[in-house]
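Chemist: missing the sequence, but the structure's below:
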Ligand code: 4NP
């Protein structure tokens, strides 16, 4: 069983999309029994909320129905998950600061590590203050990285 937690700042744009895409790919591959997939945010500001309506609108056009409710990262996540995957430098630094042990620290990875098409991307940018192209680019990167993750 592989347990994967996707993390971004607000848990309303990037990480719930990563969760939705990964669940979709895993289901398509008939491998649901092999994975636990969830997402969380560094901030608790949006706790309980569905993903941003713009993110949901872009995602549904590609067949991803995002139903996750925002929640903050908990210390227990560092014990419960095998991979804790951040989207950008800030997420990586915040996660590393919260890791309760050296073992937990080793679980922290960067989403773009798994890209095989967007090999020059080093982070998944926050789309919150961008337009449609920002949300589409996030989905392009996440689809690439999730496909890479599935091949691990
Ligand atoms: P996310 O985008 O980290 O991809 O969910 C953000 C959403 C909201 C905020 C920041 C980032 N915010 O500060 O409210």
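Modeler: Great, that's in hand. No experiment lies behind these values; they were computed from the predicted model shown.
Chemist: mind listing the strands for the protein?
Modeler: 2-8, 35-41, 83-86, 108-110 (DSSP state E).
Chemist: Which one, of those strands, ends up nearest to residue 137?
Modeler: The closest of the strands of the chain to residue 137 is strand 2-8. By C-beta to C-beta, the value is 14.4 Å. Bear in mind the C-beta positions are built from the backbone N, C-alpha and C, glycine included.
Chemist: that older thread, present the strands of the chain as CSV; the columns should include mean neighbour count.
Modeler: Shown next, in CSV, are the strands of the chain (neighbours: other C-beta atoms under 10 Å):
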stretch, mean neighbour count
strand 2-8, 24
strand 35-41, 21
strand 83-86, 24
strand 108-110, 18
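Chemist: need those in TSV with distance to residue 129, can you?
Modeler: Output for the strands of the chain, formatted as TSV (distance: least, C-beta to C-beta, whole Å):
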stretch	distance to residue 129
strand 2-8	14
strand 35-41	17
strand 83-86	19
strand 108-110	22
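Chemist: give me the low-pLDDT residue ranges for the protein?
Modeler: In the prediction, the chain carries no residues with pLDDT under 70.
Chemist: before we move on, the earlier item: export the strands of the chain as CSV, with columns for distance to the ligand.
Modeler: CSV is the format used below for the strands of the chain (distance: least, C-beta to the nearest ligand atom, whole Å):
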stretch, distance to the ligand
strand 2-8, 3
strand 35-41, 6
strand 83-86, 10
strand 108-110, 14
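Chemist: how about the residues of the protein near the ligand?
Modeler: Residues of the chain lying close to the ligand (C-beta under 6 Å from any ligand atom) are 8-14, 45, 126, 128.
Chemist: What distance do you get for residue 74 to residue 41?
Modeler: 11 Å (C-beta to C-beta, to the nearest Å).
Chemist: what does residue 113 give?
Modeler: 20 Å.
Chemist: Kindly report the same for residue 152.
Modeler: 24 Å.
Chemist: what do you get for residue 111?
Modeler: Distance of residue 111 to residue 41, given as C-beta to C-beta: 14 Å.
Chemist: Residue 117 is in contact with residue 146, isn't it?
Modeler: No. The pair residue 117 / residue 146 is not scored as a contact, 11.7 Å apart, by C-beta atoms under 8 Å.
Chemist: neighbour count winner among the two?
Modeler: When neighbours are counted by other C-beta atoms under 10 Å, residue 117 and residue 146 differ, and residue 146 comes out ahead with 25 against 12.
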